[in-house]
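Colleague: the amino acid sequence is not available; the structure is as follows:
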């Protein structure tokens with residue numbers, strides 16, 4: 001997941017650009033999750049090899065990725081807040 005990598009990179013390198021990248025990825029994550037949900041749901045209804053267990057497992061993975069993203073955003077916000085405090089400058 002790019003958000004986690006960018007959050008860790010922003011933390012280790014004090015990089016505000018990567019921190020902002022993390023904060024701006026929520027919409028993309030939600031779009032991808034919704035597209036997957038729709039595709040798997042469609043596959044279930046047309047009788048493809050996707051079964052209910054596969055659907056549930058995929059949705060569990062999506063929820064876990066969303067949790068990871070939430071934690072990555074917390075790291076990114078902390079990086080920005082720390083850099084702002086050190087530089088007395090708003091980094092938006």
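Modeller: In hand now; what should we look at? What you are looking at is a predicted structure, and each value in this text was computed from that prediction instead of being measured. Residues are numbered from 1 along each chain as shown.
Colleague: buried residues of the strand or helix carrying residue 38, list them for me.
Modeller: Secondary structure from DSSP states H and E places residue 38 in helix 26-46. Across helix 26-46, burial judged by 16 or more other C-beta atoms under 10 Å covers 29, 33, 40. Heads up, the C-betas are built off the backbone N, CA and C, glycines and all.
Colleague: now do the contacts for the second one.
Modeller: Contacts were defined as C-beta atoms under 8 Å, 6 or more residues apart in numbering; by that measure residue 33 touches 62, 65-66.
Colleague: now the residue nearest to the spatial centre of the chain, nearest residue through space, not along the chain?
Modeller: Centrality entry for the chain: nearest residue to the mean C-alpha point is residue 69, 3.5 Å, by C-alpha atoms, centre = their mean. Leaving aside its chain neighbours, residue 69 sits nearest to residue 3 (5.1 Å; criterion: C-beta to C-beta, 6 or more residues apart in numbering).
Colleague: from residue 17, how far out is the one you found?
Modeller: As defined by C-beta to C-beta, to the nearest Å, residue 3 lies at a distance of 14 Å from residue 17.
Colleague: looking at those two, which one has more neighbours?
Modeller: When residue 3 and residue 17 are compared on other C-beta atoms under 10 Å, the one with more neighbours turns out to be residue 3, at 25 against 11.
Colleague: figure out the helix or strand that that one lives in.
Modeller: Element membership of residue 3, judged by DSSP H and E, is helix 2-13.
Colleague: chain center to the following helix or strand past that helix: distance?
Modeller: Along the chain past helix 2-13, the next helix or strand (assigned with DSSP H and E) turns out to be helix 16-23. Helix 16-23 has its C-alpha centroid displaced from the chain centroid by 12 Å (C-alpha atoms, centre = their mean, to the nearest Å).
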